[in-house]
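In: What follows is a predicted structure for the sequence shown.
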Amino acid sequence: MLGLGPEEWTAVWLSLRVSVVATLAILPLAIWVAHVLARREFAGKGVVNALVLLPLVLPPVVTGYMLLLTFGTQGAVGGFLSHLGIVFAFRWTGAALAAAIMAFPLMVRAIRLGFEASDPKLEQAATTLGASPWRVFYTITLPTALPSVIAGAVLGFAKAMGEFGATITFVAAIPGETQTIPSAIYGFLQVPGGEGQAGRLVLISLIIALGAVAVSEWVARRVAGRRA
Amino acid sequence: MGGAPRRGAAGMSVSVHIQQRLGDFALDVAFDSEGGVTALFGPSGSGKTSVINAIAGLNKPDTGRIHLGGRVLYDSGDGINVPPHKRRIGYVFQEPRLFPHMSVAQNIEYGRRNQLYSTPNDGGLSVLGIAHLMERYPRDLSGGEAQRVAIARALTSQPEVLLMDEPLAALDDTRKAEFLPYLQAFVAKTSIPVFYVSHAMSEVAQLADHLVVMREGRVARSGALGQILSDPAAISDIGVREAGAIVTVTVTRANDSDGLSALATSAGRLFLPRVQAEDGATLRVRIRASDVMLSKDKPDGLSALNILPCTVTQLHEGQGPGVAVALRSGGDTLMARITRRSARAMGLRAGSSCYAVIKSVAVAPTDLGLRGGLGGGLGGTP
């Protein structure tokens, strides 16, 4: 199909795996942070907000380099984790970590809008019906903000699929391990006659991106269809 | 519970003594209720909602205590503040606040799933008429239907007290008229104490047993509804337009000629625009003080149909030109508001005999309650 070679297929599957894992792994944290930023007032909220947005405004190469310093085998966290057998540097898990960090601000922003729009009066009503704060969150708050959570997840997935700068700085572009679609495209464009392979991967990217948007629209419409 | 008298010894007492500063507004409220329906009545901004939010735990007073039956919900002295979800209160808000992503059945089930203890099922649920709505989603309900579902939902969590914050406020007049009979039937049947917040005396007069009149964050008056409404000194707290006594009547002929209903009071017959009730039913009729005229002699050739013989029990002069006259008419109390000048000209004093003249059309349908008598044995405020 599409005349993809084994090397290209590897990049496609790796990208999908990295992006799905990155999105699902970071989603609970993004939901929690979005909820805290939307509903709580606390000292240092502005600082937390700025930290969350940092990967969005920093050059991706800088983020990648900071990841390398922190999670590299010589890094503060990476050194400790490598003793536990957890290694991010130059592994596909490192690519997922980079993608998750880069997708995080976009996800938080989208999900936060949903929490801000959901009505605290419904939560009060649930509380008076005897629901604990945790039950109120997962039966009322989260479902009413679900369209935004889906939008945030899709946005995060798309960002993870397209992540290049931080990934290549942190884990390089090792075929079969860390060479995702964007770094594969970049690699093919560096060699004479690679335009055809690059073009096919561009087409694949387009299909995946459009597919993700279509799926999210469909899910969001199903969710919205049940309410006023 | 059906049929059993609602104000038995089992009625749960509620005691509220709280102080709270909210910006420029100071709330300082103390009252006790021995069950039944307690109306918190007062203009907007008088602190009614803050009081029931404190009972619900949605609002934390600065100092004071709130007891429900034998349980302490809040006590600043002992540092007790039970979180709202453990208070076992039912709350019906101004808006229905139904969960949009759940069907009516799921909304109602939501309260049941959180039930902490079990108590006998309440008779009030059956009169709400929502069985046919169960499959629908909130967006497909009318305002009145949604509010009925909200009451059912509040009840299925088996609360020990039901709080209602102007549940009619968000409904237009048509929906109000549609919803009110359900509410009346419900409060007549339920066995748990109800706190009903309202600024509309017509609602309060139909629903309540006990009245707490609030003014600027304080309790201006508290006691049995009938007593306060027939106390001429309370007129200034209730408002001269809203003041008026409640008369208990028996329907003799609901469908009398000319679109009128014939009703029997303890002092004589009363004709009112047709009431929606069965012959023999007992009703509450609120007669506004400003709709009652007084005559020294039995009037003759007057268009008004309702003339009741009375004895003046008390006169109360306010700041203005008016005087409130409390009257005993058979076993009932009436109240009239006339000018000071007329009172003097008629030589009215306590013990004077006179006739009360009430225009039939003066009694609006909203002043008619299906609530039976005013029930005695209400706990007053110590």
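Out: Sure, I can see it.
In: What is the subsequent helix or strand relative to the longest helix along chain A?
Out: Secondary structure of chain A read by DSSP state H shows that its longest helix is helix A:6-39. Counting by DSSP states H and E, the next helix or strand C-terminal to helix A:6-39 is helix A:45-57.
In: would you put the C-alpha positions of that next one in PDB?
Out: This file holds the C-alpha atoms of helix A:45-57, laid out as PDB (Å, rounded to 0.1, in the frame of the first residue of the first chain):
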ATOM      1  CA  LYS A  45      -0.800  30.100  40.300                       C
ATOM      2  CA  GLY A  46       0.800  32.400  37.800                       C
ATOM      3  CA  VAL A  47       4.100  30.600  38.100                       C
ATOM      4  CA  VAL A  48       2.500  27.200  37.600                       C
ATOM      5  CA  ASN A  49       0.600  28.500  34.600                       C
ATOM      6  CA  ALA A  50       3.900  29.800  33.100                       C
ATOM      7  CA  LEU A  51       5.700  26.500  33.700                       C
ATOM      8  CA  VAL A  52       2.900  24.600  32.000                       C
ATOM      9  CA  LEU A  53       3.100  26.900  29.000                       C
ATOM     10  CA  LEU A  54       6.900  26.900  28.800                       C
ATOM     11  CA  PRO A  55       7.300  24.100  26.300                       C
ATOM     12  CA  LEU A  56       4.900  26.000  24.000                       C
ATOM     13  CA  VAL A  57       7.000  29.100  23.900                       C
END
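In: So which residues lie in contact with that helix, not counting its own?
Out: By Cβ atoms under 8 Å, 6 or more residues apart in numbering or on different chains, the list of residues contacting helix A:45-57 from outside reads A:33, A:36-37, A:63, A:101-102, A:104-106, A:108-109, A:166. All C-beta spots, glycine's among them, are computed from the backbone N, C-alpha and C.
In: So which bits of that helix are buried?
Out: A:49, A:52, A:55-56 (16 or more other Cβ atoms under 10 Å in any protein chain shown).
In: circling back: what about the longest helix of chain A and chain B, any contact?
Out: No - on the criterion Cβ under 8 Å from any Cβ of the partner chain, helix A:6-39 is out of touch with chain B, staying 15.5 Å away.
In: hey, what's B:D332 bridged with?
Out: B:S329 (DSSP bridges).
In: circling back: export the contacts of helix A:45-57 to JSON lines and append columns for neighbour count, secondary structure and pLDDT.
Out: Listed next are the contacts of helix A:45-57 as JSON lines, based on neighbours: other Cβ atoms under 10 Å in any protein chain shown; DSSP: H, G, I helix; E, B strand; the rest coil; pLDDT from 0 to 100:
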{"residue": "A:V33", "neighbour count": "21", "secondary structure": "helix", "pLDDT": "96"}
{"residue": "A:V36", "neighbour count": "15", "secondary structure": "helix", "pLDDT": "95"}
{"residue": "A:L37", "neighbour count": "19", "secondary structure": "helix", "pLDDT": "95"}
{"residue": "A:T63", "neighbour count": "23", "secondary structure": "helix", "pLDDT": "94"}
{"residue": "A:I101", "neighbour count": "23", "secondary structure": "helix", "pLDDT": "96"}
{"residue": "A:M102", "neighbour count": "27", "secondary structure": "helix", "pLDDT": "96"}
{"residue": "A:F104", "neighbour count": "23", "secondary structure": "helix", "pLDDT": "97"}
{"residue": "A:P105", "neighbour count": "21", "secondary structure": "helix", "pLDDT": "96"}
{"residue": "A:L106", "neighbour count": "21", "secondary structure": "helix", "pLDDT": "94"}
{"residue": "A:V108", "neighbour count": "27", "secondary structure": "helix", "pLDDT": "96"}
{"residue": "A:R109", "neighbour count": "19", "secondary structure": "helix", "pLDDT": "94"}
{"residue": "A:A166", "neighbour count": "26", "secondary structure": "helix", "pLDDT": "94"}
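In: which two in those residues are spaced the farthest apart?
Out: When Cβ to Cβ is used, the two most widely separated members of those are A:V36 and A:A166, lying 24.8 Å apart.
In: which outside residues touch the top strand by length along chain B?
Out: Using DSSP state E to assign secondary structure, the strand with the most residues in chain B is strand B:306-317. With Cβ under 8 Å, 6+ apart as the contact definition, strand B:306-317 has outside contacts at B:232-233, B:235, B:265, B:267-271, B:294-295, B:298-299, B:323-330, B:333-334, B:340, B:343, B:348-360.
In: Please export the C-alpha coordinates of that strand as PDB.
Out: Only the C-alpha atoms of strand B:306-317 are listed here, as PDB (Å, rounded to 0.1, in the frame of the first residue of the first chain):
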ATOM      1  CA  ASN B 306     -69.000  38.300  51.500                       C
ATOM      2  CA  ILE B 307     -70.100  39.900  54.800                       C
ATOM      3  CA  LEU B 308     -68.900  38.300  58.000                       C
ATOM      4  CA  PRO B 309     -69.800  39.400  61.500                       C
ATOM      5  CA  CYS B 310     -66.700  40.100  63.500                       C
ATOM      6  CA  THR B 311     -65.400  41.400  66.900                       C
ATOM      7  CA  VAL B 312     -62.300  43.600  67.000                       C
ATOM      8  CA  THR B 313     -59.600  42.100  69.000                       C
ATOM      9  CA  GLN B 314     -56.700  44.500  68.500                       C
ATOM     10  CA  LEU B 315     -55.800  47.700  66.700                       C
ATOM     11  CA  HIS B 316     -52.300  48.400  65.700                       C
ATOM     12  CA  GLU B 317     -51.200  51.800  64.400                       C
END
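In: Adjacent strands (with direction) for it?
Out: In the sheet, strand B:306-317 lines up against strand B:322-329 (antiparallel), strand B:353-358 (antiparallel) (DSSP bridges).
In: just how off-centre is that strand within its chain?
Out: Between the mean C-alpha point of strand B:306-317 and the mean C-alpha point of its chain there is a distance of 24 Å (Cα atoms, centre = their mean, to the nearest Å).
In: Equivalent analysis for stretch B:242-257, please.
Out: 17 Å.
In: ok, now stretch B:42-57?
Out: Taking Cα atoms, centre = their mean, the mean C-alpha location of stretch B:42-57 is offset from the chain mean by 16 Å.
In: List, one by one, the residues from chain B near chain A.
Out: For chain B, the residues in contact with chain A under the definition Cβ under 8 Å from any Cβ are B:56, B:58, B:84-91, B:93, B:95, B:97, B:99-101, B:110-111, B:114-116, B:137-139, B:153-154, B:157.
In: State the number of residues packed around the residue of the stretch 151-300 of chain B found nearest chain A.
Out: As assessed by Cβ to the nearest Cβ, chain A sits closest to B:S157 within the stretch 151-300 of chain B, at 4.7 Å. Each residue near B:S157 was counted by other Cβ atoms under 10 Å in any protein chain shown, and the total is 23.
In: surely it meets B:I108?
Out: No - here B:S157 lies out of contact with B:I108, judged by Cβ atoms under 8 Å, at a distance of 9.7 Å.
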